[in-house]
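Undergrad: Kindly generate the corresponding structure for this input.
(chains A and B)
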Amino acid sequence: MIHAARGGPRLVSIVALSMLIGACATKPKWTESTLELKVEGIELQGDKVSRAGWAGTGFWVDEDTLVTNAHVATRGHRIVGVHDDKQKYHFDTIVAIDRVADIAVLKADRKGDKGGVEFIDKPKNAKDLRGRALMLVGNSGGIGLGFYEGRVTNVIGEAPDEILLHDTRVVGGSSGSAIYDKEAGKVMGIHFAGSSDLDAKFASPAWRIQKLLAESKKNKGVPLDQLFTLPNVIELASIWGQREFCIAAGQKAMVNFEVRPSTDVIAFIKPRDPNAVLDTGLVYGGQQVTWSAKFKGNLVLPFSLRGGGRYDLVVVAPEGMPGTVCGVLGAGEIQWEKGIK
Amino acid sequence: MNTKTLSLMSLLGLLAASPLVNPVQSARAEDALPKPADADLLNKKTVSVLPVLATGPSRKTTFLEVASTALVGDKKAPLMPGAVTSVEAGTGFGFAGASTDKDIALLQLGFLVGSLPLNADDPKAFSAAMDMLGPARALLAGLAPGVVSAYDRYVASARGGSIDVPALAALFEAAEGGIATGPQRGHGYLTGGLWFGLAIVGATQGQVNPAFVSMASPLAVLFEEDAEFEGSDRKLAASLRQVAGLLKAETLDVQAFSTAVSGAFKVSADAPAP
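TA: Numbers count the residues shown, from 1 in each chain, chains lettered A, B, ... in the order given. As a prediction, this is how the structure comes out:
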């Protein structure tokens, strides 16, 4: 299973501390382009929206433009970046999101005095990066910026969707960290997730970041609190599909889907009988109920799904319910990037 | 009811009467009622499944990426021609084979369509495949119009000697959509066949699109859990899961892959076609 690497201060652990101590090395100037990010935003939990906070990492690409992960910026209403020297910046405007590569581009409230990073040249064959020594500078564990050494272990996927696998030992909070070619001091990619199955971490390559940066020049940008809103949950929803169902007591209907980590989805159930009381729930991996409720009438349910994998949105006619209830159920995902002009 | 994709307006209409109007307060989710126990959700009989095969920023792009597996270029050396041979020689496989059930025939048709690119370098085999694809169009009667039109485009292009990837993507997407609009079994089996056909093409190229592999799970859930699918469908689901599992491995176990794909085509009809 693949997990996004965003995390909060609660993720601080002895393991993370020991890794940090073990990995401390070289070139502290690299931290100049890096910020520890604290994000306050919202999480969609079916029938309610809750306020939430999380940690991440970002890096300057010019004097007022920051790159981080899409899953760090998404649903954030207030993003504060802090340098090693305690200088604070607010990033209130988002100018681009690439959900596939998990990259977001943000604008700062003012110009900074730190330089942007340099990127490596795209190799003729991306797999040539295998074995390259790297340094990740990030807010792993939400305990502040640290250095984490590793190497590129593999490059998977085909252009333009290549993913760099690496073996740095980082945890939540490191999302959005630049991974530098240790020798050249240039950015090879942006770290975004890890896979326990592969025992590897994932990063999107430098050229994908540069492509998004070029595209972002065309955008004026949108304030975070105007993009990540409840009306936009509906406005920007792209529906995968829907179908009719008819269920009697003890029966259920479901939408079954697989998503990548950190996907915001929307499900809807529209029973024809507005007075029928039904059960519904979101089931992860076919076994784990992550949310449930009884309801009647039409229901629209947005969810922020952190983990990737299989989910079922089920609707159940409870035992003892007379007759049969028919209706429509469906699901889709929220394409936040479409709200950026 | 029209079950095509909801328009924005209809979704907004749905919202107007939904708890999302004020979700923080949980609105009409029945606060006074106890939440259902997990067992009340998990241990009930599933009567209908909507499998979503493609997610991501653009479903069309995902289907296109998956269909582009069919582009067998010169740059990619076939890694496992043995598997292809095994499947072709497998028990009962071959269009117009022993099975007379329409669903099984659609499974085989889907496989033939998906794996067609593998015959591109063998004029005799390609010609034989094309000879089957023409009359096989009759099997699509009653399926979604999008399935039929995409099939026609794909076959016409193949007759001209090229693989029409957008047509194949459209066929895959329309077949998936047809599972919701019905007939469910026919569309489900056709989709399964397409998936197995592309799986074998992907395996010969040594790299399979992760989005393609992910499609196996929702499809397997459909075959396993939807009340309309029973008996032999479970075997098909098992083959789907097995093949997907093998495709995820860093190194493909050619023998196991060949056996698993062949196994899918040993599925027999539960009942004769009406």
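Undergrad: Identify each buried residue in stretch A:287-298, please.
TA: Neighbour-count burial for stretch A:287-298 flags A:Val289, A:Thr290, A:Trp291, A:Ser292, A:Ala293, A:Lys294, A:Phe295, A:Lys296, A:Gly297, A:Asn298 (criterion: 16 or more other C-beta atoms under 10 Å in any protein chain shown). For glycine as for every other residue, the C-beta is placed from the backbone atoms N, C-alpha and C.
Undergrad: do the same with stretch A:33-53
TA: A:33-39, A:41-49, A:52.
Undergrad: and if you look at stretch A:324-339?
TA: A:325, A:327-337, A:339.
Undergrad: Report the entries of those that also contact chain B.
TA: A:Val328, A:Leu329, A:Gly330, A:Ala331, A:Glu333, A:Gln335, A:Glu337 (C-beta under 8 Å from any C-beta of the partner chain).
Undergrad: The first one should be in a strand, yeah?
TA: Translated: A:Val328. Yes: looking at A:Val328 with DSSP: H, G, I helix; E, B strand; the rest coil, it is inside a strand.
Undergrad: these two touch, right, it and A:Arg243?
TA: Yes: shown here, A:Val328 and A:Arg243 form a contact pair, counting by C-beta atoms under 8 Å, at 7.0 Å.
Undergrad: Do I have it right that A:Ala249 meets A:Glu319?
TA: Yes: A:Ala249 is in contact with A:Glu319 according to C-beta under 8 Å; the separation is 5.4 Å.
Undergrad: so of the buried residues of stretch A:287-298, which ones are in strands?
TA: Among the buried residues of stretch A:287-298, the ones falling in strands (DSSP state E) are A:Val289, A:Thr290, A:Trp291, A:Ser292, A:Ala293, A:Lys294, A:Phe295.
Undergrad: could you redo those as TSV and give each row distance to chain B and pLDDT?
TA: Putting these into TSV (distance: C-beta to the nearest C-beta, whole Å; pLDDT from 0 to 100) gives the following:
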residue	distance to chain B	pLDDT
A:Val289	4	97
A:Thr290	10	96
A:Trp291	9	96
A:Ser292	5	96
A:Ala293	4	94
A:Lys294	4	94
A:Phe295	5	93
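Undergrad: Looking at those, spot the one nearest B:Thr61.
TA: Closest approach between those and B:Thr61, by C-beta to C-beta: A:Thr290, at 28.2 Å.
Undergrad: where does chain B have low pLDDT?
TA: B:1-33, B:73-100, B:230-231, B:268-274 (pLDDT under 70).
Undergrad: residue in the stretch 51-200 of chain A nearest to chain B?
TA: Here the stretch 51-200 of chain A gets closest to chain B at one residue, A:Arg99, 5.2 Å apart by C-beta to the nearest C-beta.
Undergrad: mind listing what the residue of the stretch 151-274 of chain B found nearest chain A touches?
TA: Of all residues in the stretch 151-274 of chain B, B:Ala180 sits closest to chain A, at 3.7 Å by C-beta to the nearest C-beta. Contacts were defined as C-beta atoms under 8 Å, 6 or more residues apart in numbering or on different chains; by that measure B:Ala180 touches A:Gly241, A:Gln242, A:Arg243, A:Glu244, B:Thr3, B:Leu50.
Undergrad: Out of those, which two sit at the greatest distance?
TA: Maximum distance among the contacts of B:Ala180 (C-beta to C-beta): 11.7 Å, for A:Gly241 and A:Glu244.
Undergrad: Neighbour count: these two, which is higher?
TA: Neighbour tally, A:Gly241 and A:Glu244, criterion other C-beta atoms under 10 Å in any protein chain shown: the higher count belongs to A:Gly241, 26 against 19.
Undergrad: beta partners of the more buried one?
TA: A:Ala331 (DSSP bridges).
Undergrad: again with the one 5 residues further on
TA: Partner residues in beta bridges with A:Cys246, using DSSP bridges, are A:Cys326.
Undergrad: Count the neighbours of B:Glu250 for me.
TA: 7.
Undergrad: Could you check how far the most centrally placed residue in chain B is from B:Ala174?
TA: Among the residues of chain B, B:Thr191 comes closest to the average C-alpha position under C-alpha atoms, centre = their mean, at 2.7 Å. Distance of B:Thr191 to B:Ala174, computed by C-beta to C-beta, to the nearest Å: 10 Å.
Undergrad: just B:Arg234 next, same as before
TA: B:Arg234 is 26 Å from B:Ala174, by C-beta to C-beta.
Undergrad: now do B:Leu236
TA: 20 Å.
Undergrad: So for the two, which sits in the more crowded spot?
TA: B:Leu236 (29 against 23).
Undergrad: Hmm, B:Phe265 and the more buried one touching each other?
TA: No: here B:Leu236 does not reach B:Phe265: they are 9.4 Å apart, not a contact under C-beta under 8 Å.
Undergrad: ok so, going back, now do the contacts for the residue nearest to the centre of chain B.
TA: B:Thr191 touches B:Leu53, B:Gly110, B:Phe172, B:Ala175, B:Glu176, B:Ile179, B:Leu219, counting by C-beta under 8 Å, 6+ apart.
Undergrad: swap in B:Ser214?
TA: Counted by C-beta under 8 Å, 6+ apart, B:Ser214 has contacts A:Glu258.
Undergrad: Next up, phi/psi of it, please.
TA: Note on B:Ser214: backbone dihedrals following degrees, to the nearest 10 are phi -60, psi -20.
Undergrad: B:Val49 is in contact with B:Glu225, isn't it?
TA: Yes: using C-beta under 8 Å as the test, B:Val49 is close enough to B:Glu225 to be in contact (5.5 Å).
Undergrad: Find the residue at the geometric middle of chain A.
TA: Chain A, centroid-nearest residue using C-alpha atoms, centre = their mean: A:His71 at 2.0 Å.
Undergrad: Please name the residues that touch the closest residue to it other than its chain neighbours.
TA: Spatial nearest neighbour of A:His71, excluding adjacent residues (C-beta to C-beta, 6 or more residues apart in numbering or on different chains): A:Ser262 at 3.5 Å. Shown in contact with A:Ser262 (C-beta under 8 Å, 6+ apart): A:Ala4, A:Arg6, A:Ala70, A:His71, A:Thr74, A:Asp102, A:Ser304, A:Leu305, A:Arg306, A:Gly308.
Undergrad: Return the member of the ones next to chain B among the buried residues of stretch A:324-339 nearest to A:Gly185.
TA: Out of these, the member with the shortest distance to A:Gly185 (by C-beta to C-beta) is A:Glu337, at 31.1 Å.
Undergrad: show me what contacts the closest one?
TA: A:Ala96, A:Ile97, A:Asp98, A:Arg99, B:Pro57.
Undergrad: State the number of residues packed around A:Gly307.
TA: Using other C-beta under 10 Å: A:Gly307 sits among 18 other residues.
Undergrad: Go ahead and confirm it touches A:Glu258.
TA: No: under the contact definition of C-beta under 8 Å, A:Gly307 does not touch A:Glu258, with a separation of 11.2 Å.
Undergrad: Which single helix of chain B contains the most residues?
TA: helix B:184-205 (DSSP state H).
Undergrad: Tell me the pLDDT of the closest residue to B:Pro36 other than its chain neighbours.
TA: Of all residues not flanking B:Pro36 in the chain, A:Asp279 sits nearest, at 3.9 Å (C-beta to C-beta, 6+ apart). Predicted confidence (pLDDT) for A:Asp279: 96.
Undergrad: doesn't A:Asp279 fall inside a strand?
TA: Yes: applying three-state DSSP, one finds A:Asp279 inside a strand.
Undergrad: Run through the strands of chain B in chain order.
TA: B:45-52.
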